[in-house]
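Colleague: Just a sequence and a predicted model for now, questions to come.
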Amino acid sequence: MKIALLCRNPNLYSHKRLVEAAEARGHEVQVINHLRCYINITAHRPEIIYDNEKLKGFDAVIPRIGASVTYFGAAVLRQFEMMGVYPLNESVAVSRSRDKLRSLQLLARKGIGLPVTIFAHRTSDPEKIIDMAGGAPVVIKLLEGTQGIGVVLGETQKSAESIIQAFGGVDTNILVQEFVKEANGEDIRCLVVGDRVVASMLRKGREGDFRSNLHRGGSATMVKINAQERATALAAAKAMGLNVCGVDLLRSNHGPVVMEVNSSPGLEGVETASGKDVAGAIIEFLEKKAVPGKTKTRGRG
């Protein structure tokens, strides 16, 4: 197969592993910085121009699109789809998962366990918002935050009210969620590929930090998930329409609850912690789904 890997930094562990795994199986990979692409939108001959050349002959595309450039990255991915190239994750699913509010609403509609979550813009009555979330402590999030940035713990009623009012002062939308104390600053990242959880890890925040993100200094270890956690991760991936994703779960007193579904999960932490070849599993999935030599001139919109 000829595979396009959409990413801005080819030197990241995840991207190098995907290239390595594909080439080890005899596939050709071209790394493409999607921000440097030009899209020619035509009815009969959709094209993508990259480094003054037309991109053609691809059988599959792997999107590794950063959250800050989701709109343009999804547009490039959508153009590949119009050209009949098989996407590891479809553009509509990537965009859907990046909208925190929409993704939570979709998960809730499917009956998937979630922490109590309040969405707000008007923050003149923070006491009511906190009460709806079950009372302090609460977790307060900016909708646009990633990797633990824009996520704050309001430990007391007074501090939570102050944080909510401060966010309200910058005219932004926020999510206020119940704090799952029994999770003890830990969460589980399940790596879903197709209809399987191929690897999982337990992430724990650094001392004094309730956030478990590895980018914030957290640690990762191997973990064995139970049947309910596995089913929840698979159901969350299906609800988002994602073939490959990381599903972040908390172990609550009433079962697993989903915190986030990530369409471009990092591979280093989960491969290191689990010892599993996640990159290889992703390429194997593409081998089963993409048909070499069948690139069309028109395809999905």
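Modeller: Now that the structure is in, tell me what you want to look at.
Colleague: Going by C-alpha atoms from here, please, whenever you check contacts or count neighbours.
Modeller: Will do.
Colleague: Could you double-check that residue 54 lies in contact with residue 46?
Modeller: No - counting by C-alpha atoms under 8 Å, residue 54 does not reach residue 46; the two are 10.3 Å apart.
Colleague: out of these two, which sits in the more crowded spot?
Modeller: Higher neighbour count among residue 54 and residue 46: residue 46, with 18 against 14, using other C-alpha atoms under 10 Å.
Colleague: How about that one: what's its closest non-neighbour residue?
Modeller: Ranked by C-alpha to C-alpha, 6 or more residues apart in numbering and with sequence neighbours excluded, the top spatial neighbour of residue 46 is residue 40, at 5.8 Å.
Colleague: wait, isn't the one you found in contact with residue 54?
Modeller: No - applying C-alpha under 8 Å, one finds residue 40 not in contact with residue 54, separated by 9.9 Å.
Colleague: Please enumerate the shared neighbours of those two.
Modeller: 47, 48 (C-alpha atoms under 8 Å, 6 or more residues apart in numbering).
Colleague: tell me the secondary structure for the nearest residue to residue 262 once chain neighbours are set aside?
Modeller: Closest residue to residue 262 apart from its sequence neighbours, by C-alpha to C-alpha, 6+ apart: residue 246 at 4.9 Å. At residue 246 the chain is in strand, as set by DSSP: H, G, I helix; E, B strand; the rest coil.
Colleague: I figured residue 246 hits residue 261, correct?
Modeller: Yes - counting by C-alpha under 8 Å, residue 246 does reach residue 261; the two are 5.7 Å apart.
Colleague: Buried by neighbour count: which residues of the helix or strand hosting residue 72 qualify?
Modeller: Using DSSP states H and E, residue 72 sits in helix 70-82. The neighbour-count check on helix 70-82 (16 or more other C-alpha atoms under 10 Å) flags 70, 73, 74, 75, 76, 77, 78, 79, 80, 81, 82 as buried.
Colleague: Export these as TSV, with columns for pLDDT.
Modeller: TSV is the format used below for these (pLDDT from 0 to 100):
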residue	pLDDT
70	95
73	98
74	98
75	98
76	98
77	98
78	98
79	97
80	98
81	97
82	95
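Colleague: Outline the domain layout of this protein.
Modeller: 2-95, 117-179, 182-284 (automatic domain parsing).
Colleague: Serialize those domains to JSON lines and add fields for distance to residue 108.
Modeller: As requested, those are arranged in JSON lines below (distance: least, C-alpha to C-alpha, whole Å):
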{"stretch": "domain 2-95", "distance to residue 108": "16"}
{"stretch": "domain 117-179", "distance to residue 108": "10"}
{"stretch": "domain 182-284", "distance to residue 108": "10"}
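Colleague: Tell me which of the ones you listed sits nearest to residue 106.
Modeller: domain 182-284 (6.6 Å; C-alpha to C-alpha).
Colleague: right, and residue 8 touches residue 32 too?
Modeller: Yes - judged on C-alpha under 8 Å, residue 8 makes contact with residue 32 at a distance of 7.5 Å.
Colleague: shared neighbours, the two?
Modeller: Contacts common to residue 8 and residue 32, judged by C-alpha under 8 Å, 6+ apart, are absent.
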